[in-house]
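Colleague: give me coordinates for this.
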Amino acid sequence: MNLFATPAETAGPTATLADLLARRERVDAAGRQAVRFHVSPDWQQGRTTFGGVLSALALQAMRDVCGQEWPLRALQTNFVGPVASGSFDVEVHLLRQGKNIRQVQARVLQTDEAGTEQIGGVLLGVFGAARASSLPGLRPEQVAVSKDPDAAFAWPFVPGITPAFTQHIDFRQADGGMPFTGSDEWHSRTHVRLKDATGIDAELQTVLLADAGPTPALARLKGFAPASSVSWALELRPIEVADAQGFWRMDKEALAADDGYVNEKTTLWTPCGQMAALGYQVVAVYG
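Modeller: Below you'll find the model as predicted:
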């Protein structure tokens, strides 16, 4: 995502993520299985819906159509085109159901002003049952940062400057370069949480928060330039979140940058320090 928006972007009516989920409806017809969502302008990122919430809603549609059992192990998202505020459908296809693995495709579809259905995103979710294994467990340890959430810099929400969706998320940067400051850093460490996580399970929070911050490559720039995710691969670990109001941590590393594209890695940690997800993105930087 891009933490900064164009000057034309402003805040709109607010709806929590729980509100967006409560408004969804099944719209199956003629062999098509789909879930319709209604997203308000306060979840926008420039001219499109914030990719993290778009992916979280698509995941919910997969769950609604194909079942709630088995944790999500991987989610691949291609952001094909802009998805405006308002209504859109997530069409779900069960590609394969095995003994331990289920693979599900989702397409985000929205009708434009000319009445033509456009594809906003294509996602592939992989759900896997736990299985017995002689392999010992391995969980990486979280590296400490210099500032806890109380001491870290709190990003303000500024209508017309920061994207509308950031009013729903508490960002507190602990380490690394700040965007557009000409820093020599290629990484960032940010404490992050949904301001209202009521009724949102840990899996949906993982998907949303893993896409919440900007690429740390923007810190290298000395002036504003928009950026946008092109593709996103997220690998998840089953977790439990005991502290519903606690801060997660989003650690980002720019791995390579050239030709206006950045390859980056994100590690998301739960409030208790468990690794929740590894994310890899290709990000386009327009400037």
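Colleague: all contacts plus neighbour counts: C-alpha atoms, from now on.
Modeller: OK.
Colleague: which residue packs closest to residue 72, ignoring adjacent ones?
Modeller: residue 127 (4.4 Å; C-alpha to C-alpha, 6 or more residues apart in numbering).
Colleague: any idea how many residues pack against the one you found?
Modeller: 21 (other C-alpha atoms under 10 Å).
Colleague: then residue 207?
Modeller: Counted with other C-alpha under 10 Å, residue 207 comes out at 27.
Colleague: residues contacting it?
Modeller: Contacts for residue 207 (C-alpha atoms under 8 Å, 6 or more residues apart in numbering) come out as 52, 53, 55, 56, 234.
Colleague: assign the residue nearest to residue 72 to helix, strand or coil.
Modeller: strand (DSSP: H, G, I helix; E, B strand; the rest coil).
Colleague: doesn't residue 262 make contact with residue 284?
Modeller: Yes: counting by C-alpha atoms under 8 Å, residue 262 is a contact partner of residue 284 at 6.5 Å.
Colleague: re the thing from before, tell me how far the residue nearest to residue 72 lies from residue 105.
Modeller: 11 Å (C-alpha to C-alpha, to the nearest Å).
Colleague: who's in contact with residue 192?
Modeller: 169, 170, 171, 172, 209, 247, 248, 249, 250.
Colleague: look up how far residue 27 lies from it.
Modeller: Going from residue 192 to residue 27 by C-alpha to C-alpha gives 34 Å.
Colleague: surely residue 52 is in a helix?
Modeller: Yes: counting by three-state DSSP, residue 52 falls inside a helix.
Colleague: and for it, nearest residue in space, chain neighbours not counted?
Modeller: Nearest to residue 52 is residue 208, by C-alpha to C-alpha, 6+ apart, at 4.2 Å.
Colleague: hmm, back to that, narrow the contacts of residue 192 to just the buried residues.
Modeller: 169, 170, 171, 172, 209, 247, 248, 249, 250 (16 or more other C-alpha atoms under 10 Å).
Colleague: what bridges to the second one?
Modeller: Partner residues in beta bridges with residue 170: residue 193, with DSSP bridges as the criterion.
Colleague: hmm, residue 197 and it touching each other?
Modeller: No: in this structure, residue 170 is not within contact of residue 197 by C-alpha under 8 Å, at 11.4 Å.
Colleague: and the average pLDDT for the helix or strand that contains residue 232 is what?
Modeller: Secondary structure from DSSP states H and E places residue 232 in strand 227-236. Strand 227-236 shows a mean pLDDT of 94.
Colleague: could we number from 52 for the rest of this?
Modeller: Okay, residue one is now 52; in that scheme the one you just asked about reads as strand 278-287.
Colleague: tell me the one among the contacts of residue 243 nearest to residue 115.
Modeller: Proximity of these to residue 115 (C-alpha to C-alpha) peaks at residue 260, which lies at 21.2 Å.
Colleague: now, among the contacts of residue 243, which is nearest to residue 151?
Modeller: Lowest distance from residue 151 to the contacts of residue 243 (C-alpha to C-alpha) belongs to residue 260, with 27.1 Å.
Colleague: enumerate every residue touching that closest one.
Modeller: Residue 260 neighbours (C-alpha under 8 Å, 6+ apart): 103, 243, 244, 245, 301, 319.
Colleague: much appreciated, bye for now.
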